[in-house]
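A.B. asks: everything below, folded, please.
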Amino acid sequence: MTAATAPAWVAAARARATCGPAAPRTPLLLGDERVGSVDAEVFAKIDLKRLLDERYQLLIVEHEGAPAWALPAGEDATAALNALARALRAAGRCGPWRDEQLAVCGADGRRLATVERGAVRVLGLATQAVHLVGCTADGAMWVQQRAFDKPNNPGMWDTLMGGMVSAADSLASAVERETWEEAGLRVAALQGVAHGGHVEFAQPSDEAGGCGYMVERIDWFRAQVPEGMAPVNQDGEVARFELLPRAALLERLARGAFTPEASLILAAALGW
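C.D. replies: Presented below is the predicted three-dimensional model:
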């Protein structure tokens, strides 16, 4: 199939992938380099003294002719960002706290610092994720229903595996870890594992009372799950798995049962 014959839900998924923020946002800098953005009202509602107590100043500066918030760059950047994350958490303006560090990168991809995962959406920091599309020899697809206590898209349907790339990960190690944790499958036991492509998202996030903004690149992979092998969740983040033939998969996609990320990835995997 070509893009011209793609069903209506594909265009809707693409439209959802790139949306402006729900409210005005102020750039966030490390030194003079923009790394994210913050809801214009958020910093007015947290105790910035927590940052000053930890020696890290959060300053308002001019950037490209407009106000911006700035933290120190260099060797203090990680400590300063995590001090800010703790201040956001104390004020109830943070996403779920994971004790997991994600990379903070410049526009050219250079790693500048790391920060607690729970703060990335509130700070509009770009993140990276991986997904795995798992098929069988006859073309059916394994999909998961997200746990109903997940903070984002609870109970919606997803690819076989989807997870974040941590600061300690490569793409390969993230795929291996997340495939085991979410599906109980070892990548080495799968067949034809290959990078399928990537999708990019920029859209409002409902984390921390709706003041977040998601900016994310998702690299997706495909693999064949051998006959007789079935996924079994290990980390409590999946309600159940189903093996869907193509017709059932398309019906579920058409009625919006999948997450925005999974919808776009599956559209690409299906050739649209």
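
A.B. asks: for the lowest-mean-pLDDT helix or strand in the chain, the distance to its chain's centre please.
C.D. replies: Least confident helix or strand of the chain, by mean pLDDT, DSSP states H and E, is helix 49-53 with a mean of 74. Put simply, helix 49-53 sits 29 Å off its chain's centre (Cα atoms, centre = their mean, to the nearest Å).

A.B. asks: quick one: buried residues of that helix?
C.D. replies: For helix 49-53, a neighbour-count test (16 or more other Cβ atoms under 10 Å) marks 50-51 as buried. For glycine as for every other residue, the C-beta is placed from the backbone atoms N, C-alpha and C.

A.B. asks: and the contacts of it?
C.D. replies: With contact meaning Cβ atoms under 8 Å, 6 or more residues apart in numbering, helix 49-53 is reached by 57-58, 80, 83-84, 86-87, 90.

A.B. asks: next, the distance between the ends of stretch 150-165.
C.D. replies: End-to-end distance for stretch 150-165, by Cα to Cα, to the nearest Å: 18 Å.

A.B. asks: got TSV for the contacts of helix 49-53, with pLDDT too?
C.D. replies: Converted to TSV, the contacts of helix 49-53 look like this (pLDDT from 0 to 100):
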residue	pLDDT
57	86
58	89
80	95
83	94
84	94
86	93
87	91
90	90
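
A.B. asks: list buried residues within these.
C.D. replies: Applying 16+ other Cβ under 10 Å to the contacts of helix 49-53, the neighbour count classes 58, 80, 83-84, 86-87 as buried.

A.B. asks: can you give me the strands in the stretch 1-150 of the chain?
C.D. replies: Along the stretch 1-150 of the chain, counting by DSSP state E, counting those that start in this stretch, strands occupy 25-30, 33-39, 59-63, 66-71, 101-105, 111-116, 126-135, 141-146.

A.B. asks: between the contacts of helix 49-53, which is nearest residue 214?
C.D. replies: residue 84 (18.4 Å; Cβ to Cβ).

A.B. asks: correct me, but that closest one touches residue 122?
C.D. replies: No: using Cβ atoms under 8 Å, residue 84 makes no contact with residue 122, being 9.4 Å away.

A.B. asks: quick revisit: rebuild the strands of the stretch 1-150 of the chain as TSV, extending it with distance to residue 199, mean neighbour count and mean pLDDT.
C.D. replies: Converted to TSV, the strands of the stretch 1-150 of the chain look like this (distance: least, Cβ to Cβ, whole Å; neighbours: other Cβ atoms under 10 Å; pLDDT from 0 to 100):
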stretch	distance to residue 199	mean neighbour count	mean pLDDT
strand 25-30	22	20	96
strand 33-39	20	21	96
strand 59-63	29	12	93
strand 66-71	28	17	95
strand 101-105	18	20	98
strand 111-116	22	20	98
strand 126-135	9	22	98
strand 141-146	17	22	98
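
A.B. asks: that'll do, ta.
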